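Asker: the sequence isn't on hand, but the structure is:
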């Protein structure tokens, strides 16, 4: 154990410290879930639930992968399917595929500037929209219209800078409180 630093308040020990660590670890998943619920409010914007969920999953997977493990992504996918009235498991598969892509690219993406990260996210969002479109076609046994998927990808790509700004602030706050 490190010796206490003068003038710095030591973190609580025991149960409170464990609860604090659990809450810090659960923050990315819970914040994403709250955003998804807020996006499910009927405002006339289709695909807002996925457009809010996908950027959060991508961001937290790249910059704090331990806080966004596959079981959490699976749970968010189930919640997304329920909130968006989507075919069951289609959102789960799309989010898990995006999570896998983000994990695969993490070593490169985490060292890049915002513009490069956003361009990579654009590719992930386009791939997620294409996968969702293909899954919808498989479930319906006919080709679905492409405009909803393109609309969803465009909203997701457009909202990423705002969400990334907010999430990066939260990420820094979590990192500072852990130090």
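Answerer: Received the coordinates, thanks. Being a predicted model, the structure only gives us computed values, none of them experimental.
Asker: and residue 26, what element?
Answerer: For residue 26, the host element (DSSP states H and E) is helix 15-39.
Asker: now the helix or strand just after that helix and helix 15-39, what's the angle there?
Answerer: Once the chain leaves helix 15-39, the next helix or strand it forms, by DSSP H and E, is helix 48-63. Regarding helix 48-63 and helix 15-39, their directions subtend 140 degrees when assessed with axes from the mean of the first three to the mean of the last three Cα atoms, to 10 degrees.
Asker: what packs against helix 48-63?
Answerer: For helix 48-63, the packing partners by 3 or more Cβ pairs under 8 Å, 6 or more residues apart in numbering; DSSP states H and E come out as helix 15-39, helix 70-84, helix 90-109, helix 114-140, helix 147-178. Quick note: C-beta positions are derived from backbone N, CA and C, even for glycine.
Asker: the inter-axis angle of the shortest one versus helix 147-178?
Answerer: So the one you mean is helix 70-84. Per the same axes, to 10 degrees, the angle that helix 70-84 makes with helix 147-178 is 140 degrees.
Asker: show me the shaky parts of the chain.
Answerer: Applying pLDDT under 70 to the chain flags residues 1-13, 44-46.
Asker: before we move on, the earlier item: can you put the helices and strands packed on helix 48-63 in JSON lines and add distance to residue 51 and mean neighbour count?
Answerer: Listed next are these as JSON lines, based on distance: least, Cβ to Cβ, whole Å; neighbours: other Cβ atoms under 10 Å:
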{"stretch": "helix 15-39", "distance to residue 51": "7", "mean neighbour count": "15"}
{"stretch": "helix 70-84", "distance to residue 51": "10", "mean neighbour count": "19"}
{"stretch": "helix 90-109", "distance to residue 51": "12", "mean neighbour count": "19"}
{"stretch": "helix 114-140", "distance to residue 51": "9", "mean neighbour count": "17"}
{"stretch": "helix 147-178", "distance to residue 51": "4", "mean neighbour count": "16"}
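Asker: now render those helices as CSV, adding distance to residue 52.
Answerer: Listed next are these as CSV, based on distance: least, Cβ to Cβ, whole Å:
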stretch, distance to residue 52
helix 15-39, 4
helix 70-84, 9
helix 90-109, 12
helix 114-140, 12
helix 147-178, 7
